[in-house]
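K.L.:
Mind looking at a prediction? Sequence and model below.
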Amino acid sequence: MSAAISTIVKMIESLPDDLQEKVVEHLRDYIADLEDEKRWDASFKRTQNNLVTAARKAKQEIAEGRSMPMDYEQL
(Lines give C-alpha, C1' and ligand atoms only; values in the text may rest on other atoms or scores of the structure.)
Protein backbone atom coordinates (compact mmCIF):
# COMPACT_ATOMS: atom_id res chain seq x y z
CA MET A 1 0.00 0.00 0.00
CA SER A 2 1.35 3.44 -0.88
CA ALA A 3 2.08 6.05 1.77
CA ALA A 4 -0.71 8.27 0.45
CA ILE A 5 -3.31 5.50 0.73
CA SER A 6 -2.04 4.55 4.16
CA THR A 7 -2.41 8.15 5.31
CA ILE A 8 -5.97 8.36 3.95
CA VAL A 9 -6.91 5.08 5.65
CA LYS A 10 -5.56 6.34 8.98
CA MET A 11 -7.45 9.62 8.59
CA ILE A 12 -10.71 7.80 7.86
CA GLU A 13 -10.18 5.31 10.69
CA SER A 14 -9.84 8.21 13.12
CA LEU A 15 -13.42 9.32 12.36
CA PRO A 16 -16.56 8.00 14.04
CA ASP A 17 -18.26 5.16 12.15
CA ASP A 18 -21.08 7.31 10.75
CA LEU A 19 -18.59 9.81 9.32
CA GLN A 20 -16.47 6.99 7.93
CA GLU A 21 -19.49 5.80 5.97
CA LYS A 22 -20.06 9.31 4.59
CA VAL A 23 -16.42 9.65 3.55
CA VAL A 24 -16.45 6.24 1.89
CA GLU A 25 -19.63 7.12 -0.03
CA HIS A 26 -18.08 10.39 -1.21
CA LEU A 27 -14.93 8.54 -2.27
CA ARG A 28 -16.99 5.97 -4.21
CA ASP A 29 -18.81 8.76 -6.04
CA TYR A 30 -15.57 10.62 -6.72
CA ILE A 31 -13.83 7.50 -8.04
CA ALA A 32 -16.84 6.69 -10.23
CA ASP A 33 -16.68 10.24 -11.66
CA LEU A 34 -12.96 9.82 -12.36
CA GLU A 35 -13.61 6.50 -14.11
CA ASP A 36 -16.36 8.10 -16.22
CA GLU A 37 -14.03 10.94 -17.15
CA LYS A 38 -11.31 8.45 -18.10
CA ARG A 39 -13.76 6.56 -20.35
CA TRP A 40 -14.92 9.85 -21.92
CA ASP A 41 -11.32 10.90 -22.61
CA ALA A 42 -10.55 7.53 -24.21
CA SER A 43 -13.69 7.72 -26.34
CA PHE A 44 -12.90 11.27 -27.41
CA LYS A 45 -9.35 10.28 -28.40
CA ARG A 46 -10.71 7.42 -30.52
CA THR A 47 -13.18 9.69 -32.34
CA GLN A 48 -11.20 12.93 -32.45
CA ASN A 49 -10.18 12.50 -36.11
CA ASN A 50 -13.82 11.92 -37.10
CA LEU A 51 -14.88 15.04 -35.21
CA VAL A 52 -12.20 17.13 -36.94
CA THR A 53 -13.26 15.78 -40.33
CA ALA A 54 -16.94 16.55 -39.63
CA ALA A 55 -16.08 20.07 -38.46
CA ARG A 56 -14.03 20.74 -41.59
CA LYS A 57 -16.85 19.46 -43.80
CA ALA A 58 -19.38 21.67 -42.00
CA LYS A 59 -17.10 24.68 -42.32
CA GLN A 60 -16.66 24.00 -46.03
CA GLU A 61 -20.42 23.61 -46.58
CA ILE A 62 -21.05 26.90 -44.77
CA ALA A 63 -18.41 28.66 -46.91
CA GLU A 64 -19.98 27.25 -50.08
CA GLY A 65 -23.48 28.27 -49.01
CA ARG A 66 -24.67 24.65 -48.90
CA SER A 67 -25.81 24.74 -45.28
CA MET A 68 -29.02 25.89 -43.69
CA PRO A 69 -29.55 27.29 -40.20
CA MET A 70 -30.84 24.69 -37.77
CA ASP A 71 -34.55 24.91 -37.03
CA TYR A 72 -34.70 24.16 -33.32
CA GLU A 73 -38.49 23.83 -33.51
CA GLN A 74 -38.09 20.66 -35.59
CA LEU A 75 -35.84 18.91 -33.09
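P.N.:
Right, received. Where do you want to start?

K.L.:
do you know how far the spatially most central residue of the chain is from residue 10?
P.N.:
The centre of the chain sits closest to residue 37, judged by Cα atoms, centre = their mean, with a distance of 2.8 Å. According to Cβ to Cβ, to the nearest Å, residue 37 and residue 10 sit 28 Å apart. For every residue, glycine as well, the C-beta is placed using N, CA and C.

K.L.:
quick one, helices of the chain?
P.N.:
Assigned by DSSP state H, the chain shows helices spanning 3-13, 17-63.

K.L.:
avg pLDDT for the longest one?
P.N.:
In this model, helix 17-63 has a mean pLDDT of 95.

K.L.:
number of nearby residues for residue 12?
P.N.:
Using other Cβ atoms under 10 Å, residue 12 has 14 other residues around it.

K.L.:
That should have said residue 11, apologies.
P.N.:
Going by other Cβ under 10 Å, the residues that sit close to residue 11 add up to 10.

K.L.:
do the same with residue 23
P.N.:
13.

K.L.:
In contact with residue 44, which residues are there?
P.N.:
Applying Cβ atoms under 8 Å, 6 or more residues apart in numbering to residue 44 gives no contacts.
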